[in-house]
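# Below is the sequence, then the predicted model.
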Amino acid sequence: MPGISSQILTNAQGQVIGTLPWVVNSASVAAPAPAQSLQVQAVTPQLLLNAQGQVIATLASSPLPPPVAVRKPSTPESPAKSEVQPIQPTPTVPQPAVVIASPAPAAKPSASAPIPITCSETPTVSQLVSKPHTPSLDEDGINLEEIREFAKNFKIRRLSLGLTQTQVGQALTATEGPAYSQSAICRFEKLDITPKSAQKLKPVLEKWLNEAELRNQEGQQNLMEFVGGEPSKKRKRRTSFTPQAIEALNAYFEKNPLPTGQEITEIAKELNYDREVVRVWFCNRRQTLKNTSKLNVFQIP
DNA sequence: ATGCATGAGGC
DNA sequence: CCTCATGCATG
């Protein structure tokens, strides 16, 4: 899928509110406007990137258009059905012609600075008062909002590049640095992981994505090549519990999510499953509960 | 997208 | 044995 790139529109919070597909290296401009192009005529937003290729601001020749409908670029392979849903118009204030997106989420050790230092001018009341940002840090000082923000952003930008989770995973393992699988990408996007994991993944994905977007602009999409299935140990075949067993296990779990060795043995015998399998089931059950009740709380795609 | 499995680190 | 971070395998 060469030549396809997109322009990303962001609001003051650096949230992506839309993407504009465009043709990069087409032979000429003689071609009539793409049939399915958006109706954002007259508006020619520009992207301002920082050294890391991050979007730090967008320029619009006129007042920003009303929430632009996102056009889902057809993904090359996976028939992915429900990948993107319309982006809800972010509850933000009127957009000026020049909006400065989130100040490059680079290094930000802890909470945000108290009062924004402005030029030698006396701060206005609104400046002092408007502190609407509730960083909602978690117990470990992780900015959950920022994570959610990036996750949402990541998915949109990934799709804009026409990449699947699998491709990202492969590319990620191909290039240097931490490697992650499709599963990891999926879980990150839907925040089905602990805030800690998310924060660890974020920089990796961020870096990779920026590089991918750069290559894409340069036409070369040679970021993907390779992928050799290496020898993998033989795994135990995945156990498939019967609906009845699941029901029983859940019942036991409700009674006591942390059964003792004895109890596990009994449950295993009762349901006629390998003891170890039952033990792992409880472990996974507990883990799932934790993961789906953190960053995740609120969303339901 | 998720369910079950693996392995490291910690009591 | 548990928790955690991850991934292979599967519906």
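It's in.

# How about the helix or strand where residue A:202 lies and DNA strand C, any contact?
Secondary structure from DSSP states H and E places residue A:202 in helix A:195-217. Yes - Helix A:195-217 lies within reach of DNA strand C by Cβ under 7 Å from any atom of the strand, at A:196, A:197, A:200, A:201. Bear in mind the C-beta positions are built from the backbone N, C-alpha and C, glycine included.

# interface residues of the stretch 51-200 of chain A facing DNA strand B?
Applying Cβ under 7 Å from any atom of the strand, we find that the stretch 51-200 of chain A lies next to DNA strand B at A:83, A:165, A:182, A:183, A:186, A:187, A:189, A:190, A:192.

# now for the helix holding residue A:202, which elements pack on it?
Packing partners of helix A:195-217 (3 or more Cβ pairs under 8 Å, 6 or more residues apart in numbering; DSSP states H and E): helix A:144-160, helix A:165-174, helix A:182-189.

# want to throw the ones you listed into a markdown table with mean pLDDT and mean neighbour count?
Formatted as a markdown table, the helices and strands packed on helix A:195-217 follow (pLDDT from 0 to 100; neighbours: other Cβ atoms under 10 Å):
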| stretch | mean pLDDT | mean neighbour count |
| --- | --- | --- |
| helix A:144-160 | 95 | 20 |
| helix A:165-174 | 92 | 20 |
| helix A:182-189 | 97 | 19 |
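
# now residue A:292, nearest residue through space, not along the chain?
Nearest residue to residue A:292 in three dimensions, chain neighbours excluded: residue A:192, at 6.3 Å (Cβ to Cβ, 6 or more residues apart in numbering).

# rewinding a little: any chance of the helices and strands packed on helix A:195-217 in a markdown table, plus distance to residue A:238?
Below are these laid out as a markdown table (distance: least, Cβ to Cβ, whole Å):
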| stretch | distance to residue A:238 |
| --- | --- |
| helix A:144-160 | 28 |
| helix A:165-174 | 20 |
| helix A:182-189 | 14 |
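
# Looking at the ones you listed, which is nearest to DNA strand C?
When the helices and strands packed on helix A:195-217 are compared by Cβ to the nearest atom of the strand, helix A:182-189 sits nearest DNA strand C, at 3.3 Å.

# Mind giving me the packing neighbours of the closest one?
In terms of contacts (3+ Cβ pairs under 8 Å, 6+ apart), helix A:182-189 is packed against helix A:144-160, helix A:165-174, helix A:195-217.

# Alpha carbons only: can I get it in CSV?
Once non-C-alpha atoms are left out, helix A:182-189 reads as follows in CSV (Å, rounded to 0.1, in the frame of the first residue of the first chain):
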residue,chain,number,x,y,z
GLN,A,182,0.6,-9.1,18.7
SER,A,183,-1.0,-10.0,22.0
ALA,A,184,0.9,-7.3,23.7
ILE,A,185,-0.1,-4.7,21.1
CYS,A,186,-3.7,-5.7,21.4
ARG,A,187,-3.7,-5.6,25.2
PHE,A,188,-1.9,-2.3,25.2
GLU,A,189,-4.4,-0.7,22.8
